[in-house]
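S.K.: Here's a sequence, model it:
(2 chains)
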There are 2 protein chains.
Amino acid sequence: MVNRRAQDIRRLNRFEMLRRFYAADTAKTRQDLASETGLSFATVSNLTAELLDAGVLVEAGHAGSSGGRPRALLNLNAQRGALVGVDVGETSVRTELFDLSLRELAVHEESLARGEVTPEQVVELIETGVQAVLDTADLPRAHVLGAGVSIPGLVERERGVSAYSPYWAWRDVPMRDLIAERLAMPVHLDNPLKASTLAELWFGAGRDADPLVVVTLRSGVGAGFAFGGTLFRGLTDSAGEWGHTCLVLGGRPCRCGRLGCVEAYVGVNGIVETLRYLAPDDPLLALTRQEDRLLSELAARAATGDAVATGVIRETAGYLAAALGSLVNLLNPEVLVLGNQIADHLGEHLLRDTRAALADHTLAQPLSAVSLRLSSLPHDAVSRGAAAFAFEGFLDDRDVFGPVSRARSARARAKAEAIAED
Amino acid sequence: MVNRRAQDIRRLNRFEMLRRFYAADTAKTRQDLASETGLSFATVSNLTAELLDAGVLVEAGHAGSSGGRPRALLNLNAQRGALVGVDVGETSVRTELFDLSLRELAVHEESLARGEVTPEQVVELIETGVQAVLDTADLPRAHVLGAGVSIPGLVERERGVSAYSPYWAWRDVPMRDLIAERLAMPVHLDNPLKASTLAELWFGAGRDADPLVVVTLRSGVGAGFAFGGTLFRGLTDSAGEWGHTCLVLGGRPCRCGRLGCVEAYVGVNGIVETLRYLAPDDPLLALTRQEDRLLSELAARAATGDAVATGVIRETAGYLAAALGSLVNLLNPEVLVLGNQIADHLGEHLLRDTRAALADHTLAQPLSAVSLRLSSLPHDAVSRGAAAFAFEGFLDDRDVFGPVSRARSARARAKAEAIAED
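M.R.: Numbering: from 1, shown residues only, chains lettered A, B, ... in the order given. As a prediction, this is how the structure comes out:
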């Protein structure tokens, strides 16, 4: 069922405008914002009025007048409140504190034992992390506007539920409410793929790109999409399972029980398989449980020209290019970002080999349209994206941006009319 | 660059509302429309006012009052004008005339010689077709509001250009202007994939589905997408090249010069290859240049339980399920429609086998969310979709739905305010 309301577009335009302040860390006039977003001046005036009322924007002097009226400069009010972003991973819980301009104030990491982890343990580690970052930044809990929490696996955002988490076999755990009760603040739940994609869209290599594809490469691999500046979720929040699309029908066995999935070639286990095939006695094969060390040693050897390591990267890039070529043919994106563990470690080398192989798997027209890039947020894309979810949640809060008040109705009417005649 | 304006959402809401009249061929009150679309009553009132002013809707009596005020019934004004839809295929040019409720008034088909066909020849055949359908329906040319024309291959809609047409090796032919000049009416150019997808979204098996995936199966195969009720085009109008996504890395050679593309398994040539593999001496292999006859004989034999024919369909369904499973994992659609030549001929048999195999290639969660269906518009999806493009073009026409006039400004203000406070 398709459903659109005027409030949805106002919400999108609000983010569109706020993003301009992240894109360039400078104050802007309403005229700047209108010309940068393509929104009408009337729309920008209304949106900035709301954000000024809510304290999210502040006036920051005036732009040099060239004869006409001086124009007010606006900027983000970083001190309006803080945002928490939490990345629950397989082996650690990373908690970051940001100000409202998404500058990092403090970070805390707790490690997580491999194996069985209960929801209650994770909730406690998140609480520990939040208290630690608040202590470091010397801020009271009441200053926090909300927390975004990324939980691996399938998350149903609206219900706030971890529907399925592969590491711990959680099913239908109401994590949002469990965490919100413990932290005593609004909590927004999503998964690492969605958080990374939002982070790239707001702050990273995918800023302003439409369509945007963000590919995350670690044990599991996925593809996050943003169309029209909004995350694409699919009907039941599970869009992006690129790792389990078919690359080689009847090919390598995948963790999911099927054969030939993309993940079995370009995830960490896929890279290990390729290494095992090319050099069955290579000492790196002893490091299969230490993924970061394995990848960093592979990168280090490749940097010295080692034949096995360069061969593994070239082969992996070939598989990756075939799988990415399918995405490019299908979605004709403007930007395709490679991010997460594998991209962080193998970086430019993997990018170069993948770019070289991409033409073998992509039609000429969408190939010439796409820009293939490494993530520019290698270390905290997930927690930063989670904090962005918390910011979205704050902006959506009806208590902050409710129906226009009587006092503002004259201005709203003028604006609405201007929009209607736009 | 992401860009959204209030006029875009108004346009989407207008289509959303009009679609209700196609969905059920009955008159509706504004209250019906509000509850069926989820739009506010104020938005519906404004949209219907515009459409009444433009003559697209008419009043059609009143709904039985149950004590309160009688409520006006509205319906499409089928006589407001006619729409032309043209499907330029590899072997024929099909021209259809519709009234504004998209009921077919007349159809005309001209065959096209295989081999070299010039743009000028196609333009002449379209003109012949348009004159023929107008003669049949006994309507003057001035009654036509516009024509939608589908040209195979890559079409850049905004520029009105056939960027690349594989059958005739056309490159960058400004077909829209050539046709518009000859027909003396507004012309909207697009390709068969986009036209079929729009037809399924407006009138067919994909009505109201979001996300919607429409897979077209003939010599070439493609996947059209509609997200949020709008066609998804990608950055340069080439989204949907599913036929050239990789199914078997290093597999069968494809027409595009690559190996293992989906098209090489599930397009007509793919089916022929599978037949050749299973039964190298089968008499059907003599019919490779007569695709419709080959497919209908294959279907007829399968209906009698013939082992080769049922084997070919089962095998094809297996490849199709693997390729569709990737789409389902990636996009988590609500509805997936199978359409065009192969789906028309092999119909329920292919659908049944594909459904049975889909679970082997799809994750449980998106599998349980998706509904796999045959097109309900088998014979004229492309020309009907092309006519829908012409209708969209008419509705977008600034002369019809321009900025609100002074006379309507009071009503518009009331409405805009209502939206702003929605």
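S.K.: C-alpha only now, for contacts and for neighbours.
M.R.: Fine.
S.K.: So is the lengthiest helix in chain A next to chain B?
M.R.: If you go by DSSP state H, chain A has its longest helix at helix A:307-331. Yes. Counting by C-alpha under 8 Å from any C-alpha of the partner chain, chain B has neighbours in helix A:307-331: A:322-323, A:325-327, A:329-331.
S.K.: which residues touch residue A:261?
M.R.: When contacts are counted by C-alpha atoms under 8 Å, 6 or more residues apart in numbering or on different chains, residue A:261 touches A:243-248, A:251-254.
S.K.: can you narrow those to ones near chain B?
M.R.: Contacts with chain B within the contacts of residue A:261, counted by C-alpha under 8 Å from any C-alpha: A:244-248.
S.K.: isn't residue A:294 right up against residue A:287?
M.R.: Yes. Proximity of residue A:294 to residue A:287 meets the contact threshold set by C-alpha atoms under 8 Å, at 5.7 Å.
S.K.: how about the host helix or strand of residue A:265, does it reach chain B?
M.R.: Using DSSP states H and E, residue A:265 sits in helix A:263-266. No. Between helix A:263-266 and chain B, judged by C-alpha under 8 Å from any C-alpha, nothing touches; the nearest distance is 11.4 Å.
S.K.: and residue A:154, how many neighbours?
M.R.: Residues near residue A:154, counting by other C-alpha atoms under 10 Å in any protein chain shown, number 25.
S.K.: for residue A:257, same thing?
M.R.: 10.
S.K.: quick revisit: what helices or strands is the longest helix of chain A leaning on?
M.R.: On a contact count with 3 or more C-alpha pairs under 8 Å, 6 or more residues apart in numbering or on different chains; DSSP states H and E, helix A:307-331 meets helix A:263-266, helix A:268-278, helix A:291-303, helix A:341-358, helix A:364-369.
S.K.: Direction included, what does the helix or strand following that helix pair up with?
M.R.: For helix A:307-331, the following helix or strand on the C-terminal side (DSSP H and E) is strand A:335-339. Here strand A:335-339 is paired, per DSSP bridges, with strand A:212-217 (parallel), strand A:371-374 (parallel).
S.K.: quick one on the thing from earlier: please convert the helices and strands packed on helix A:307-331 to CSV, extending it with mean neighbour count, mean pLDDT and distance to residue A:16.
M.R.: Formatted as CSV, the helices and strands packed on helix A:307-331 follow (neighbours: other C-alpha atoms under 10 Å in any protein chain shown; pLDDT from 0 to 100; distance: least, C-alpha to C-alpha, whole Å):
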stretch, mean neighbour count, mean pLDDT, distance to residue A:16
helix A:263-266, 30, 97, 33
helix A:268-278, 19, 96, 35
helix A:291-303, 18, 96, 36
helix A:341-358, 20, 96, 28
helix A:364-369, 17, 95, 23
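S.K.: List just the one of the ones you listed that sits closest to residue B:14.
M.R.: Closest to residue B:14 of the helices and strands packed on helix A:307-331, according to C-alpha to C-alpha: helix A:364-369, at 31.4 Å.
S.K.: starting at the chain centroid, how far to the closest one?
M.R.: From the chain centre to the centre of helix A:364-369 is a distance of 25 Å (C-alpha atoms, centre = their mean, to the nearest Å).
S.K.: wait, residue A:161 sits on residue A:170?
M.R.: No. Counting by C-alpha under 8 Å, residue A:161 stays clear of residue A:170, with 10.2 Å between them.
S.K.: which of the contacts of residue A:261 are buried?
M.R.: A:243-248, A:251-252, A:254 (16 or more other C-alpha atoms under 10 Å in any protein chain shown).
S.K.: give me the number of residues near residue A:237?
M.R.: 20.
S.K.: Residue A:131 now?
M.R.: 18.
S.K.: Residue A:166 too?
M.R.: Count around residue A:166 with other C-alpha under 10 Å applied: 12.
S.K.: List the contacts of it.
M.R.: Shown in contact with residue A:166 (C-alpha under 8 Å, 6+ apart): A:152-153.
S.K.: Can you give me the pLDDT of it?
M.R.: Confidence at residue A:166, expressed as pLDDT, is 80.
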